[in-house]
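A.B. asks: Build me a model from this:
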Amino acid sequence: YITTTADPGGVGTPSSFNIRGVTSLNGGGPLFLVDGVPASSIDNLNPNDIESVTVLKDASSAAIYGARAAYGVLLITTKKGKKNENISVTYNSMASWAAPTVLPKMANSVEFAETYNAAAANSGLPAPFSDEHIGRLKKYMADPSSIPVTTPNPSDPNFWGWDNANANVDWFKEYVKPWAFNQKHDLAISGGSKSTTYYTSFGYLGQNGLLRYGDDRFKRYNVSSNVHTEPSSWMRLDMRMRFAKTITDNPFPYANLTGNWFHLAGTRLPFWPARNPDGELSNISAIPFFNSGGRSITDGQDLWLTGAIELEPVKNWKINMDYSWNQYSSKTSNHDAFVYAYAVDVTKYIIGNGQNTISESASQNQYNSLNMYTSYDKQYLKHYAKILVGQQLEVSKFFTLSGLRRDLITDAIPSMGVATGTQMVSDAISHWATSGSFVRFNYNFDEKYLIEFNGRYDGTSKFPVNKRFGFFPSISAGYNIAKENFWPFKD
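C.D. replies: Numbers count the residues shown, from 1 in each chain. Next up is the predicted model:
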């Protein structure tokens, strides 16, 4: 079976796949092949463009793909047009409302105070909550307008106090919306003539997160095109293009606060107020960090171009070659803004970092893949045999440039050009290449006795020079009892 996981409730979060159970101490996922081309992820693939998915989980079937198939293989085929088909236009639209499945059921203020007192008594300690305080909590729960949610701090009267607050807040419900609206739209155009088929699609996905404060949003735009043509009986050409643009817009993970709202909700005490008596968001709620702590925005663009040719100079002998080029570019902006709370006299004071900061990064990854393989199959009486041999080459190059500058003149313009403080710049580069030669041989007699051999000689630049290559063979045999005369069940 196959399992998928992602950040619960998060928008635009990457998914992870598990096919063969526990993989290694460092984890590991399957190899994705989209129309025969390796892909590091399928998060940007429009589900509406998928024609079929095949899962290879056992070692014998995955061996031909080498070391990268150690955790299984997902073979994905995208949609194509059909021959002799009139132009077809299809539009699909979906609107949905996401809601939290289960939220922890929290104690109210009175239950919390009484339980806390009982725990203290069991430990021989004085009661943390006085009878007078518990009476105020009960009064507030009976009529919230009968008593202020809190009063000024006796030791510093210009700031609101929390130890003697009277509110009753379920912080999970305070942080999380009851529902969030999502939408998806897809337009596909397909058709074909006697020798040429085409399929083009456009997609849009809009997701809204479940955070009540500091909206989290994700958008994805997809464009894809598959064109297949047969200029002659012995030649077939394919041209494929996929493009995806993604925008992820979340509250800045202020000191990991907003990035860990589940922890925040579980550690806010129920008698602490979400808002001060004057209506402003309270310091203790941490909500101002969501609303005004800045934004973390990532803009990604993923482009795939593939050209493929298949030649059949004689019957049953096929020669294939395909070349794919991929460029993924992304720009990330993290704005660490000033966060303010309000004192009793409604003056603002900073509750976050003493400096505001803008950091930006731009990265680009270019990937090239070349596949060349040839196959021949022959049926003679009850004997059938097929052999396939080929070569694959891959090259990937990555570059990123990052910059950070402190002391923005104003948080309204999160740009390094309007900052006056310390400036830092860094970069990183990486590259890798692989080379793999592979062979597959199939034989069956009367579709009753079957045997298959796979082998791949794989190498990667990621390992030391003298340990870069390895051979990955597999052999399997089968017996189809349904082909025996004594077998009672037939098609």
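A.B. asks: In terms of helix, strand or coil, where does residue 261 fall?
C.D. replies: helix (DSSP: H, G, I helix; E, B strand; the rest coil).
A.B. asks: contacting residues around it?
C.D. replies: Shown in contact with residue 261 (Cβ atoms under 8 Å, 6 or more residues apart in numbering): 175, 211, 290. All C-beta spots, glycine's among them, are computed from the backbone N, C-alpha and C.
A.B. asks: and the residues you listed, which of them are in helices?
C.D. replies: Using DSSP state H, 175, 290 are the members of those that sit in helices.
A.B. asks: State the phi and psi torsions of residue 109.
C.D. replies: phi -60, psi -40 (degrees, to the nearest 10).
A.B. asks: Please, where are all the helices along this structure?
C.D. replies: 59-62, 109-122, 131-142, 171-175, 261-267, 287-292.
A.B. asks: shouldn't residue 301 be in contact with residue 328?
C.D. replies: Yes - shown here, residue 301 and residue 328 form a contact pair, counting by Cβ atoms under 8 Å, at 7.2 Å.
A.B. asks: now the strands: where do they sit in the stretch 251-400 of the chain?
C.D. replies: 295-314, 317-336, 340-342, 348-350, 357-380, 383-406 (DSSP state E, counting those that start in this stretch).
A.B. asks: Can you tell me which of the ones you listed is nearest to residue 114?
C.D. replies: Taking Cβ to Cβ, strand 340-342 is the member of the strands of the stretch 251-400 of the chain nearest to residue 114, at 30.1 Å.
A.B. asks: State the mean pLDDT of that closest one.
C.D. replies: Averaged over strand 340-342, pLDDT sits at 94.
A.B. asks: Same question for stretch 244-258.
C.D. replies: Here the average pLDDT along stretch 244-258 is 83.
A.B. asks: Excluding sequence neighbours, find me the nearest residue to residue 308.
C.D. replies: Spatial nearest neighbour of residue 308, excluding adjacent residues (Cβ to Cβ, 6 or more residues apart in numbering): residue 322 at 3.6 Å.
A.B. asks: give me the number of residues near the one you found?
C.D. replies: Applying other Cβ atoms under 10 Å, we find 20 residues neighbouring residue 322.
A.B. asks: which residues does it bridge with?
C.D. replies: residue 308, residue 371 (DSSP bridges).
A.B. asks: ok, now which ones touch the closest residue in space to residue 369 that isn't next to it in sequence?
C.D. replies: Nearest non-adjacent residue to residue 369, counting by Cβ to Cβ, 6+ apart: residue 324, 4.5 Å away. Residue 324 makes contact with 37, 304, 305, 306, 367, 368, 369, according to Cβ under 8 Å, 6+ apart.
A.B. asks: And the pLDDT for residue 324?
C.D. replies: pLDDT, residue 324: 97.
A.B. asks: Flag the shaky bits of this structure, pLDDT-wise.
C.D. replies: 1-9, 22-27, 255-259, 490-491 (pLDDT under 70).
A.B. asks: ok so, going back, who has more neighbours, residue 301 and residue 328?
C.D. replies: Using other Cβ under 10 Å as the criterion, residue 301 and residue 328 rank with residue 328 on top: 19 against 16.
A.B. asks: I'd assumed residue 300 was in contact with the more buried one.
C.D. replies: Yes - between residue 328 and residue 300 there is a contact at 6.8 Å, judged by Cβ under 8 Å.
A.B. asks: anything in contact with each of the two?
C.D. replies: Counting by Cβ under 8 Å, 6+ apart, nothing touches both residue 328 and residue 300.
A.B. asks: Closest one of the contacts of residue 324 to residue 469?
C.D. replies: Closest to residue 469, out of all of the contacts of residue 324 and judged by Cβ to Cβ, is residue 369, at 18.7 Å.
A.B. asks: Which strand residues bridge residue 301?
C.D. replies: residue 245, residue 329.
A.B. asks: Quick check: the gap between it and residue 199.
C.D. replies: Taking Cβ to Cβ, to the nearest Å as the measure, residue 301 falls 22 Å from residue 199.
A.B. asks: ok so, going back, may I see the helices of the chain organised as CSV, with distance to residue 348 added?
C.D. replies: Conversion of those to CSV gives the following (distance: least, Cβ to Cβ, whole Å):
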stretch, distance to residue 348
helix 59-62, 60
helix 109-122, 29
helix 131-142, 27
helix 171-175, 23
helix 261-267, 22
helix 287-292, 10
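A.B. asks: Among those, single out whichever gets nearest to residue 193.
C.D. replies: helix 59-62 (36.1 Å).
A.B. asks: May I see the buried residues of that closest one?
C.D. replies: 61, 62 (16 or more other Cβ atoms under 10 Å).
A.B. asks: same check, this time on stretch 223-240
C.D. replies: For stretch 223-240, by 16+ other Cβ under 10 Å, it's 224, 226, 227, 228, 236, 238, 240.
A.B. asks: For the third one, give its distance to residue 264.
C.D. replies: If I follow you right, that is residue 227. Residue 227 is 51 Å from residue 264, by Cβ to Cβ.
A.B. asks: cool, and the first one?
C.D. replies: Noted for residue 224: a distance of 40 Å to residue 264, by Cβ to Cβ.
A.B. asks: swap in the second one?
C.D. replies: Going from residue 226 to residue 264 by Cβ to Cβ gives 47 Å.
A.B. asks: try the last one
C.D. replies: Using Cβ to Cβ, we find residue 240 at a distance of 46 Å from residue 264.
A.B. asks: Make sure residue 249 is actually in contact with residue 209.
C.D. replies: No - judged on Cβ under 8 Å, residue 249 makes no contact with residue 209 at a distance of 9.5 Å.
A.B. asks: Those two - which one has more neighbours?
C.D. replies: residue 209 (23 against 18).
A.B. asks: Could you find the closest non-adjacent residue to the more buried one?
C.D. replies: Using Cβ to Cβ, 6+ apart, the closest residue to residue 209 is residue 216 (3.2 Å).
A.B. asks: Go ahead and confirm the one you found touches residue 11.
C.D. replies: Yes - contact criterion Cβ under 8 Å: residue 216 and residue 11 qualify, at 5.5 Å.
A.B. asks: Mind listing the shared neighbours of those two?
C.D. replies: Joint contacts of residue 216 and residue 11 (Cβ under 8 Å, 6+ apart) are 208, 209, 250.
A.B. asks: ok now do the last one, which residues does it touch?
C.D. replies: For residue 250, the contacting residues are 11, 209, 214, 216, 217, 258, 295, 296, 297, taking Cβ under 8 Å, 6+ apart as the criterion.
A.B. asks: Tell me, how many residues neighbour the residue nearest to residue 209?
C.D. replies: Neighbours of residue 216 (other Cβ under 10 Å): 22.
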